[in-house]
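Colleague: This is a predicted model, with the sequence first.
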Amino acid sequence: MDHSARKVLTQLTAPDHLWSWAELQGHKSKPPAQAGVYAWYFKRKPSGVPGDRCHRVRRMPLLYIEISPARLTSRETIRSRLRYHFGGNASGSTLRTTLGALLQRELDLSFRRISVSTMKFLPNDEARLSDWMADNARVAWAVCDRPWKVEHELVRALSLPLNLANNTEHPFYLALSAVRKVMKDGAVSNPIWR
């Protein structure tokens, strides 16, 4: 692992603070409007997600990491992506889609096509998913100029059951892929929601 990846890994696994959505909503300079990597820790993980090999901070397992931007031409930042993950919808958030697939029964979520190629949860269901994330998800981040250059190393170094990209060797990869596929196939079999 190169020096920059090691530095990012340290910041994500030994953060000064794990931020809740309530804290971030009221903070003017957090998360930073810069490029980097962010890590998702959970007070309560979705049922069935293995957490025994996951890194923990204050007993919360680290289940997922993501980068922003994903490429040089994007203008996304840690701030814009985290705000979208917490308050957006599944059509623009792999994490929301994954959590929704895992929590679909528990939260009674309906995943639907809204166009030929776009899917998300119904509005009230997105709100329930947002509430679950606000209650259970905590984040840490590390500023990094070209996060796409360290992502693969970070995924390899950590046990991240909710990451699919660069993570095919994880024991939960096939089960998570199957749960997401079942949910998406169900959405395709229904008419487009308007």
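Modeller: Sure, I can see it. Numbers count the residues shown, from 1 in each chain.

Colleague: What lies in contact with the longest strand seen in the chain?
Modeller: Using DSSP state E to assign secondary structure, the strand with the most residues in the chain is strand 60-68. Counting contacts by CB atoms under 8 Å, 6 or more residues apart in numbering, the residues outside strand 60-68 that touch it are 12-13, 18, 35-43, 45, 49, 51, 54-56, 74, 76-78, 80-81, 94-95, 98, 138, 144, 147-148, 150-151, 154-155, 158, 160-163. Backbone N, C-alpha and C define where each C-beta goes, glycine included.

Colleague: Check stretch 140-152 too.
Modeller: 2, 4-5, 7-8, 11-12, 15, 17-19, 31-32, 34-39, 41, 57, 65, 67-72, 78, 82, 165-166.

Colleague: Equivalent analysis for stretch 105-114, please.
Modeller: 46-47, 90-91, 100-101, 103-104, 119-122, 125, 128-129, 132, 183-184, 186-188, 190-194.

Colleague: Buried ones among those?
Modeller: Applying 16 or more other CB atoms under 10 Å to the contacts of stretch 105-114, the neighbour count classes 46, 90-91, 100-101, 103-104, 119-121, 125, 128-129, 132, 183, 187 as buried.

Colleague: picking that back up, filter the contacts of strand 60-68 down to the ones in helices?
Modeller: In helices, defined here by DSSP state H, the members of those are L12, T13, I78, S80, R81, T94, L95, T98, E151, L154, V155.

Colleague: From those, list the buried ones, please.
Modeller: Buried residues within the ones in helices among the contacts of strand 60-68, defined by neighbour count using 16+ other CB under 10 Å: L12, T13, I78, R81, T94, L95, T98, E151, L154, V155.

Colleague: How much space separates the fourth one from D2?
Modeller: In this structure, R81 and D2 are separated by 24 Å, where distance is defined by CB to CB, to the nearest Å.

Colleague: What backbone torsions are found at M119?
Modeller: The phi and psi values for M119, taken as degrees, to the nearest 10, are phi -130, psi 150.

Colleague: one step back: any chance of the ones in helices among the contacts of strand 60-68 in a markdown table, plus distance to P171 and pLDDT?
Modeller: Written out in a markdown table, the entries for these read as follows (distance: CB to CB, whole Å; pLDDT from 0 to 100):
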| residue | distance to P171 | pLDDT |
| --- | --- | --- |
| L12 | 21 | 98 |
| T13 | 20 | 98 |
| I78 | 29 | 97 |
| S80 | 32 | 94 |
| R81 | 27 | 95 |
| T94 | 19 | 95 |
| L95 | 20 | 97 |
| T98 | 16 | 98 |
| E151 | 20 | 96 |
| L154 | 18 | 97 |
| V155 | 14 | 97 |
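
Colleague: In TSV, list those along with distance to L174.
Modeller: Converted to TSV, these look like this (distance: CB to CB, whole Å):
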residue	distance to L174
L12	26
T13	26
I78	30
S80	32
R81	27
T94	17
L95	19
T98	14
E151	21
L154	21
V155	16
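
Colleague: Since that was my last question, I'll sign off now.
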